[in-house]
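> next come a sequence and a model predicted from it.
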Amino acid sequence: MTTYFRNEQAAREQPALMPVQSQEVDEGYRLVDPNGVLTPTVEHVQWVDNHPSGPDTHVVVSFEDGTDIEFPFDVPLTAVWYDERRPVRGADLASAVPASWGRPLDR
């Protein structure tokens, strides 16, 4: 199991479904994907400094399953702490489906 360097109690005090912008995604969270299901846990987030659109415009989110997704900044997403113990209803996940999603990257 991966250890995330954050105050886990503080993470549990946040709402179960937390709205974030793509550049605010943090390690230890799962995202609601376009299918209305939770992604694997976010393992690493890196801002892309040498992106053709310029620095501070894109972020690559890497998941524990090895998937990498590149998002432009300011994409509205919904995050859930990886160890969330409160039940999250399917209807709530469906209402949190993002209007847009990033593009997969090959490793």
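That came through fine.

> how close does the residue most central in space within the chain get to Gly54?
Central residue of the chain (Cα atoms, centre = their mean): Leu31, 4.1 Å from the mean position. Separation of Leu31 from Gly54 (Cβ to Cβ, to the nearest Å): 24 Å. C-beta coordinates here come from the backbone N, C-alpha and C atoms, glycine included.

> quick one: low-confidence residue ranges for the protein.
Scanning the chain for pLDDT under 70 picks out 1-7, 107.

> for it, what spans make up the helices?
Remark: helices assigned in the chain by DSSP state H are 8-13, 90-95.

> and the first one, what does it pack onto?
For helix 8-13, the contact count by 3 or more Cβ pairs under 8 Å, 6 or more residues apart in numbering; DSSP states H and E identifies no helix or strand as a packing neighbour.

> and the nearest residue to Leu38 once chain neighbours are set aside, what does it touch?
Once flanking residues are discounted, Leu38 sits nearest to Arg30: 4.3 Å by Cβ to Cβ, 6 or more residues apart in numbering. The contact partners of Arg30, by Cβ atoms under 8 Å, 6 or more residues apart in numbering, come to 38-42, 79-82.

> mind running it again at 6 Å?
By Cβ atoms under 6 Å, 6 or more residues apart in numbering, Arg30 lies in contact with 38-39, 41, 80, 82.
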